[in-house]
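Asks: next input, structure requested:
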Amino acid sequence: MTLPTPTLETERLRLRPFADADADVLFALNSDAEVLRYWDSPPWTDRTSVERFMVGCRRMEEEGTGARVAIERKSDQAFVGWCTFNSWNPDFKSASLGYCFTQAAWGHGYATESARAVLAWAFDALDLNRVQSETDTRNLASARVLEKLGFEREGTLREDCIVNGDVSDSWVYGLLRRDWER
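Replies: As a prediction, this is how the structure comes out:
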């Protein structure tokens, strides 16, 4: 079963499928060490990572396991980041949410606004009961985004990631349909 990547609009943002023209801005975002300081993988160092990312986007759509959208500001069509809804399991009625934004986009509410749109689409289009998200325990800005969206912190994964020798813990957050609908 395929799951077509949606095009969504919010007041300030347009969320759309990735296109080949996004390669340069995508590489710039994912090779920025400051952006990825709390990520579960190191910054990209070669452009083959862009192709693997794009293949992953297409694979999620074709296999019906999720959708990853590019996010641009409506006012100037500037790329500000991406949001992913993945690991959709129709049997368990569950999925995961993730996002990544350029430094210039930090502090403007774009993560909350775009994730809210993706969640609204997912809860409406799919028979979801639960969405999960994880964030590095040092990434307080991401934790605030999840909490604004109604996610509850459910636990800590101790020493969950080791990236370039840096050991970190992750918080696990969950959002249930009944909490989303409130």
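Asks: correct me, but R177 touches L126?
Replies: No - look at R177 against L126 with C-beta atoms under 8 Å: they stay out of range, at 10.3 Å. Quick note: C-beta positions are derived from backbone N, CA and C, even for glycine.
Asks: got the end-to-end distance for stretch 135-151?
Replies: 12 Å (C-alpha to C-alpha, to the nearest Å).
Asks: pretty sure W121 sits in a helix.
Replies: Yes - under DSSP: H, G, I helix; E, B strand; the rest coil, W121 falls within a helix.
Asks: test my guess that it contacts T5.
Replies: No - contact criterion C-beta under 8 Å: W121 and T5 do not qualify, at 10.2 Å.
Asks: comparing those two, which residue is more hemmed in?
Replies: T5 (20 against 17; other C-beta atoms under 10 Å).
Asks: what's the helix or strand where S114 lies packed up against?
Replies: Per DSSP states H and E, S114 falls inside helix 110-125. Applying 3 or more C-beta pairs under 8 Å, 6 or more residues apart in numbering; DSSP states H and E, we find helix 110-125 packed against strand 8-9, strand 13-17, strand 67-73, strand 79-89, strand 94-101, strand 130-136, helix 140-148, helix 177-180.
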